[in-house]
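> With the sequence up front, the predicted model follows.
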Amino acid sequence: MIINSYLEMYKAISQERVLVLVNTSVDGVCAWRILQSMLQVDDIQYTLVPIDGRSQLEQAFQTHSSQNALVLLVDCGGNLNIVETLEPVEDCMIYIVDSHTPYDLDNVYDGNNVRLVVPSSCDLEVPRYEDIYEDDSDDENEEPNKKRRKSNEGEEEEDSLIPKKERWRRKREELLYSYYEFSGYSLSVAMMMFELSWKLSKDTNEFLWWGIVGLSSQYLNFKISRDNYVSGFAAAQRHVQRLSNPTSTSSINDIKIRFNNELRLELYRHWTLLDSLEQSQYTASRFRLWTAKGRKKLKEFLADMGLPLLQCSQDFSSMDMEIRRDVCRWIEVTAQKYGLDDITYSSFELQYGFRNKFSASDVVHAVFTVLTSPDTGTEASFLKALDTLNRHVQSNIRHGIETSKVLCTSLLAQVQALIDMKQVVSAGAFMYAVIQEGSAELANLSHPYRLLKLCRYLSEAFSATTRKAATLPFIVAAPLHLDPEYCYVVGSPAIAMGSNKSYLGRAFQQAADKINASVEFDDFDPNVMQMRSEDKAKFFDALTSLLVT
């Protein structure tokens, strides 16, 4: 059942001990950080279990639900049939705060165990209850009516109307297909939790910052469209203005959140400008930096701005102050000449103390890299991510930024390797690449969300070369680093779609069914799948046949 009140949810979980299951996404971690602070202030007892997939969700629920009659799912569960998946007892109440869409209709219309918390501003376009669920007592033996129609030859022929029950079933199938056809994301759950803190008069600049980081993670990881991000950004900006009080006495160590036009250059404040330009997905794709011509064009870009290579090759913080102050404006102006019209976007930065300044994108990249480390378990990576959000311990976020630089380098190296070895295939209705076992970058990319980043990277790289590539979804398959008998298959929608909604998850399932392959959709994102490596070739053949027709 849908409820629009955050307060109703919080009132319920404040009555008794609650089991909180949190998805290990950047948005989920930020949402939990806000909620955890409120629970601790109000002395509400909870059991926390971080999870990164459906199997862990089921296992955690089975282990802890007997001690907790109240369960809260954060950034997970909305697109699953929760009653069927978890089989809760009659008096167990499950609250869901999730950004994965479309929401499962059994969650939407379950009036017993499920409460789906959805902001009133969200337009779900949910089919009517009577169009999906019908009483079995309805008459199926209805006498069909008659109608007359003309055939192509102009002759009249008699035809029977199908029974009412059959018409309802066909309409139901059409509605369900239309509703579940595309998967996507709605409002950031971190911003939902901040809205809750605001309604409870517990909101702070720190809570708002975590909400902004969650929202920014959705945009930077291509989960929401630019229009949806702008809408969320406008809401966050109003809160920034409300919580900023320049007349009050404040300490230098107080948090200050400021608006800024952020460059699409990853971690440039903590790197050299040249390294950031070379390793950022946006500039690397558009300059085609895996080619000699692209690298030459980048140098021309720097020369047009009058930036000496010596300055660009040293840490950004060590550049001449005058250059450091004006370089963002110079890049924005010069970028138009090179077709980089959207090299900036609206964002925020956080400052506390004299030297501590981080943009929202810096924190997103750091937390994302920590959460998706292939060598760290779910619980350990979740706790490290929470530490990375702790502004009082600088070493954590600095470490996250350094490891994020390594990931940027690995992504570009893998893109260049796939292009140089001509391993990117156009299958007509989509493009795909298969990373081979033993690839130099596989160990660092063997995580589904890192592969999704690679997928988008490749899509942008080819879209900069041919317009057709922008209209095609992109799929990447890669063996599991520790178990090469199995592989991940991940997909991202076509860039030209603009909406960031994807039909690939549904297509993956249909193609797998067609070849009777054993697959596993364990991730909460339906665009992520695991299958046996030996079935890859048959799967891509089936997917090609399915999408071409």
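Perfect, I can see it now. Numbering: from 1, shown residues only.

> what are the bridge partners for Pro479, then?
Residues found in beta-bridge contact with Pro479 (criterion: DSSP bridges) are Cys487.

> So it sits against Leu442, correct?
Yes. Assessed by C-beta atoms under 8 Å, Pro479 is found in contact with Leu442 at 7.1 Å. C-beta here means a position set from N, CA and C on the backbone, and glycine is covered the same way.

> shared neighbours of these two, anything?
Listed contacts common to Pro479 and Leu442 are Ile435; contacts here mean C-beta atoms under 8 Å, 6 or more residues apart in numbering.

> Downstream of the helix or strand of the chain with the lowest mean pLDDT, the next helix or strand is which one?
For the chain, the helix or strand with the lowest mean confidence is strand 156-160, at a mean of 44 (criterion: mean pLDDT, DSSP states H and E). Under the assignment DSSP states H and E, the closest C-terminal helix or strand after strand 156-160 is helix 164-180.

> so is Gly232 in a helix, a strand, or just coil?
For Gly232, the secondary structure call by DSSP: H, G, I helix; E, B strand; the rest coil comes out as helix.

> from now on call the first residue 32
Understood, numbering begins at 32; the last thing we discussed is Gly263.

> tell me the contacts of the nearest residue to it once chain neighbours are set aside?
For Gly263, the nearest residue in space outside its immediate sequence neighbours is Leu246; the separation is 4.7 Å by C-beta to C-beta, 6 or more residues apart in numbering. For Leu246, the contacting residues are 58, 219, 221-222, 260, 263-264, 267, by C-beta under 8 Å, 6+ apart.

> For the helix or strand Leu246 falls within, list every residue counted as buried.
With elements taken from DSSP H and E, the one containing Leu246 is helix 236-251. Taking 16 or more other C-beta atoms under 10 Å as the neighbour-count basis, helix 236-251 is seen to contain the buried residues 236-251.

> cool, and stretch 530-537?
Applying a neighbour-count criterion of 16+ other C-beta under 10 Å, one finds 531-537 buried in stretch 530-537.

> Now do the end-to-end distance for it.
End-to-end span of stretch 530-537 (C-alpha to C-alpha, to the nearest Å): 17 Å.

> pLDDT of it, averaged?
Per-residue confidence for stretch 530-537 averages out to 90 on the pLDDT scale.

> And for stretch 142-159?
Model confidence over stretch 142-159 averages 88 on the pLDDT scale.

> which SS state does Tyr463 fall under?
Tyr463 is classified as strand under three-state DSSP.

> was I right about it contacting Phe571?
Yes. With contact defined as C-beta under 8 Å, Tyr463 reaches Phe571; the gap is 6.3 Å.

> Now do the shared contacts for the two.
The contact sets of Tyr463 and Phe571 overlap at Ala508 (C-beta under 8 Å, 6+ apart).

> and the residue nearest to Phe399 when sequence neighbours are not counted, backbone torsions?
If the residues on either side of it in the chain are set aside, Phe399 comes closest to Val57, at 5.3 Å by C-beta to C-beta, 6+ apart. Its backbone dihedrals place Val57 at phi -60, psi -40, with angles given as degrees, to the nearest 10.

> Could you do Met124 as well?
Dihedral pair for Met124: phi -110, psi 130, per degrees, to the nearest 10.

> Please report the distance of the nearest residue in space to it that is not next to it in sequence from Ile163.
The spatial neighbour of Met124 that comes closest, neighbours along the chain excluded (C-beta to C-beta, 6+ apart), is Leu101 at 5.6 Å. Computed with C-beta to C-beta, to the nearest Å, the distance linking Leu101 and Ile163 is 28 Å.

> Ile450 now?
Ile450 sits 46 Å away from Ile163 when distances are taken as C-beta to C-beta.

> One more: Leu333?
Between Leu333 and Ile163 the distance is 58 Å, computed by C-beta to C-beta.

> Check Met462 too.
Note on Met462: its distance to Ile163, by C-beta to C-beta, is 36 Å.

> Check Gln98 and give its pLDDT.
88.

> residue contacts, it?
Gln98 is in contact with 48, 50, 78, counting by C-beta under 8 Å, 6+ apart.

> Could you rerun that using 6 Å?
By C-beta atoms under 6 Å, 6 or more residues apart in numbering, the contact list for Gln98 is empty.

> Using JSON lines, lay out the buried residues of stretch 530-537 together with secondary structure.
JSON lines is the format used below for these (three-state DSSP):
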{"residue": "Asn531", "secondary structure": "coil"}
{"residue": "Lys532", "secondary structure": "coil"}
{"residue": "Ser533", "secondary structure": "strand"}
{"residue": "Tyr534", "secondary structure": "coil"}
{"residue": "Leu535", "secondary structure": "helix"}
{"residue": "Gly536", "secondary structure": "helix"}
{"residue": "Arg537", "secondary structure": "helix"}
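
> Make CSV out of these and add distance to Asp74.
CSV is the format used below for these (distance: C-beta to C-beta, whole Å):
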residue, distance to Asp74
Asn531, 40
Lys532, 42
Ser533, 42
Tyr534, 46
Leu535, 45
Gly536, 41
Arg537, 45
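
> quick check, nearest of these to Ala62?
Taking C-beta to C-beta as the measure, Ala62 lies nearest Asn531 of the buried residues of stretch 530-537, at 19.8 Å.
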